[in-house]
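Peer 1: got a structure for you, letters missing:
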């Protein structure tokens, strides 16, 4: 609240680029949270509003999850680096990942596409073919949308899902929890760098990493295991481990310790980036693995059942206001995440480009 | 289907601008409709997919309606012609109008905004203030969304609502139905022309018409009356009377006769455009009145209860394949709508700019 009012009073003539993504979102959240929700006497009640991977409401019978995610040409993707088919696949995947991270089942998608008039019909066809193959993979379908002219391509998906059991929320981390991830991190960011550098794709590792970037897979397969196990909190990793763990910690009002050596990194990433693979795993976004926390025994069981590359990476601890992190100023709010190296020394968290307005 | 395959086989190397909005949408619809819906054995079933104002699914308890609508700078609005507050208001209104036209109650909105980095914080604040005042007016709330950088401003709302009784669908017009609208048409399009021409806003009529364009009101107030009356079909008028009635007729497989003299036109539009007000009422979009059809006695009762400017404007008749309309080539599919003048002569339907890609 303090941060918001600072921005608010001081910065009304500032641009959103100056204020930064988190400042703008804080300001909007403050406006929105002051508004009334629909009268629950009609039988529909909001369970969870802004702040998690999706919003949840109930009709007294089902819990309905809605989420939305957007990709803009030149900001989130570039046409020469991703095919139309992969773009369609990825647009569905990133939304399914949000539903999965809430413990839900994806059902119905609204697909909005902004396209320049000179876009070829074949591109549109490829886009929807990729998008529909993702829908088939995840068991959801397209029920509507909007097709509009736009000077740049953009894709906005709004996805509805349902949760039949309890929800997985990001604000439920408990002191003493251990933290785990469902799979290896950093591959997508390395894949993007390979594309940007024009590195040869004939190499097996480069091909794998690029595929992680252009055709990621949402961890819907992990949802039932997570729900049945009784973990405390979960969210998907879209902005990178540190950025997303920071959000999880802020909403649960806890801190996190992460042991760098325990972060799962696959052999392709190590092969391709032998020197700095850890930097990719710590800061690289768009892996769409699920980050979760819970009682150690429960999490160990989950990791065993996921029996691939899921790993425990650290612990939830109480919030320490005085502990500073050398990279703190790049994160929103108080520092919540500390990464420890092999000898438990504090690692500097380097900034990563996840502020969409800076 | 024939039209689609023609476009499809011939036109894969054509641009979407060449194919036109309806051709592209037809092509997408054909792809999407070939895909499976989620397994209804899980208890969730799709009631109505692509093709109406919104999609509808049920959990066996509630009917849930989802809809989405997008506004892109330079295509659907221009910043120098609409304030940020009005833009926010209108973005919610156009989606509420879709829910209303389905017979639903709007509940939860996901708000996605694409903004250039140099957008001022004050503009963002004004936008959300307008948007939230519309939410308050219609009894819905914002539960999430996405804020992204974009070279042009765009707004995509995905709105969820519920229908407690039967749905109002556009594909249920019956032979012998009369057609009616909930209020005057053409004001919004005239308002846009006034803005584009730079006409003086001090004139009462100009001020009124511009307000109809920048701050339209969704006819949520008419929903209960329509539902209780037992009308057969309904949809909202966003693209203009002829274009939307054509869609209604195509999906119901009927034709429509409209008597030009019966189309409700308010005194401000007549005052401002004494010569061509009818052209605005026939082709002008964005009025967000509801178009509906039903048994004459029922519709007369509804018109009485709406006791403002609602009027019966024509009749639903059987489809006549041989009847050509001079303006037919500007409408998608076979000609379905005929406008009759004072002496029942066939009026030429002039093209209006509702193809977003041409």
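Peer 2: Looks like it came in fine. These figures come from a predicted structure and were not determined experimentally.
Peer 1: Please count neighbours and contacts with C-alpha atoms only from this point.
Peer 2: Noted.
Peer 1: which regions of the stretch 251-358 of chain A sit below the pLDDT cut-off?
Peer 2: For the stretch 251-358 of chain A, the stretches with pLDDT under 70 are A:323-333, A:350-358.
Peer 1: so who does the closest residue to residue A:295 other than its chain neighbours touch?
Peer 2: Leaving aside its sequence neighbours, residue A:295 sits nearest to residue A:177 (CA to CA, 6 or more residues apart in numbering or on different chains; 5.0 Å). Counting by CA atoms under 8 Å, 6 or more residues apart in numbering or on different chains, residue A:177 touches A:293-296, A:315-317.
Peer 1: Can you show me the strands along chain A?
Peer 2: Counting by DSSP state E, chain A has strands at residues A:45-48, A:55-58, A:63-72, A:105-115, A:141-149, A:154-163, A:178-181, A:233-236, A:255-259, A:290-294, A:311-317, A:337-340.
Peer 1: Indicate which one of the ones you listed is closest to residue B:78.
Peer 2: strand A:141-149 (14.0 Å; CA to CA).
Peer 1: Residue nearest the middle of chain A, spatially speaking?
Peer 2: The centre of chain A sits closest to residue A:238, judged by CA atoms, centre = their mean, with a distance of 2.6 Å.
Peer 1: how close does that residue sit to residue A:294?
Peer 2: 21 Å (CA to CA, to the nearest Å).
Peer 1: cool, and residue A:20?
Peer 2: Residue A:20 is 32 Å from residue A:294, by CA to CA.
Peer 1: How about residue A:239?
Peer 2: 22 Å.
Peer 1: Compare these two and say which is more crowded by neighbours.
Peer 2: Counted by other CA atoms under 10 Å in any protein chain shown, residue A:239 and residue A:294 do not tie: residue A:294 has more neighbours, with 26 against 19.
Peer 1: pretty sure that one is touching residue A:229, no?
Peer 2: No. With contact defined as CA atoms under 8 Å, residue A:294 and residue A:229 do not form a contacting pair (9.4 Å).
Peer 1: what does the stretch 101-250 of chain A put close to chain B?
Peer 2: A:107, A:110, A:112, A:117-122, A:125, A:128-129, A:132, A:136, A:139-152, A:156, A:158 (CA under 8 Å from any CA of the partner chain).
Peer 1: 7 Å instead, please
Peer 2: Within the stretch 101-250 of chain A, the positions near chain B by CA under 7 Å from any CA of the partner chain are A:107, A:110, A:117-122, A:139-146, A:148-150, A:158.
Peer 1: ok, of these, which come out buried?
Peer 2: A:107, A:110, A:117, A:119-122, A:139-146, A:148-150, A:158 (16 or more other CA atoms under 10 Å in any protein chain shown).
Peer 1: what pLDDT does the residue nearest to residue A:295 get?
Peer 2: pLDDT for residue A:177: 97.
Peer 1: Only the buried residues of stretch A:289-299, if you could.
Peer 2: A:289-296, A:298-299.
Peer 1: which other residues reach it?
Peer 2: A:101, A:173, A:177-183, A:219, A:229, A:231-237 (CA atoms under 7 Å, 6 or more residues apart in numbering or on different chains).
Peer 1: Stretch A:213-230 now?
Peer 2: Counting by CA under 7 Å, 6+ apart, A:82, A:86, A:89-90, A:93-94, A:96-97, A:100, A:103, A:188-189, A:191-192, A:287-290, A:298, A:302 sit against stretch A:213-230.
Peer 1: Could you tell me which of those residues count as buried?
Peer 2: A:82, A:86, A:89-90, A:93-94, A:96-97, A:100, A:103, A:188-189, A:191-192, A:287-290, A:298, A:302.
Peer 1: Spit out the contact partners of the residue in the stretch 151-300 of chain A positioned nearest to chain B.
Peer 2: Chain B sits closest to residue A:158 of the stretch 151-300 of chain A, with a gap of 6.4 Å, by CA to the nearest CA. Residues near residue A:158 by CA under 7 Å, 6+ apart: A:67-69, A:109-111, B:158.
Peer 1: give me the beta-bridge partners of it?
Peer 2: As for beta bridges, residue A:158 partners with residue A:68, residue A:110 under DSSP bridges.
Peer 1: Could you check how far it is from residue A:92?
Peer 2: Distance from residue A:158 to residue A:92, by CA to CA: 9 Å.
Peer 1: And for residue A:76?
Peer 2: 14 Å.
Peer 1: Many thanks, have a good one.
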